[in-house]
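Student: predicted model and sequence follow; I will ask about them next.
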Amino acid sequence: MNQKFSFEIMEEMAVLSENAKGWRKELNLVSWNGNAPKFDIRDWSSDHEKMGKGITLTNEEMTELKQFLNS
């Protein structure tokens, strides 16, 4: 079963790392399937056409993570 989805990178925020093949782990603000944008951390190919598995965080979740990392 091949499910279609759409995404739009609303803001490229940070490149966290890059591997030898040019894939970059990035923090971006991404709208998935036309929904409100969420913070997104995942690997992307250099042209943003391919992606790896990642994690998305709401504003509230990002605030909690930031508070934890700052403590």
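Tutor: Structure's in. What do you need?

Student: phi and psi next, for the spatially most central residue of the chain.
Tutor: Centroid check for the chain by Cα atoms, centre = their mean gives residue 40 as the closest residue, at 2.5 Å. Dihedral pair for residue 40: phi -140, psi 130, per degrees, to the nearest 10.

Student: can you list the strands that the longest strand that the chain contains pairs with?
Tutor: Across the chain, the longest stretch assigned as strand under DSSP state E is strand 7-18. When pairing is defined by DSSP bridges, strand 7-18 lines up against strand 24-32 (antiparallel).

Student: that older thread, isn't the residue nearest to the centre of the chain up against residue 29?
Tutor: Yes - the criterion here is Cβ atoms under 8 Å, and residue 40 meets it with residue 29 at 7.1 Å. In short, each C-beta sits where N, CA and C put it, glycine included.

Student: contacting residues around the residue nearest to the centre of the chain?
Tutor: Residues in contact with residue 40 (Cβ atoms under 8 Å, 6 or more residues apart in numbering) are 26-30, 54-57.

Student: report the buried members of the residues you listed.
Tutor: Buried subset of these (neighbour count, 16 or more other Cβ atoms under 10 Å): 26-28, 30, 57.

Student: now tabulate those residues in JSON lines and tack on pLDDT and distance to residue 14.
Tutor: Putting the buried ones among the contacts of residue 40 into JSON lines (pLDDT from 0 to 100; distance: Cβ to Cβ, whole Å) gives the following:
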{"residue": "26", "pLDDT": "98", "distance to residue 14": "7"}
{"residue": "27", "pLDDT": "98", "distance to residue 14": "4"}
{"residue": "28", "pLDDT": "98", "distance to residue 14": "8"}
{"residue": "30", "pLDDT": "98", "distance to residue 14": "13"}
{"residue": "57", "pLDDT": "98", "distance to residue 14": "14"}
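
Student: for these, which one is nearest residue 46?
Tutor: residue 26 (10.7 Å; Cβ to Cβ).

Student: nothing else from me, thank you.
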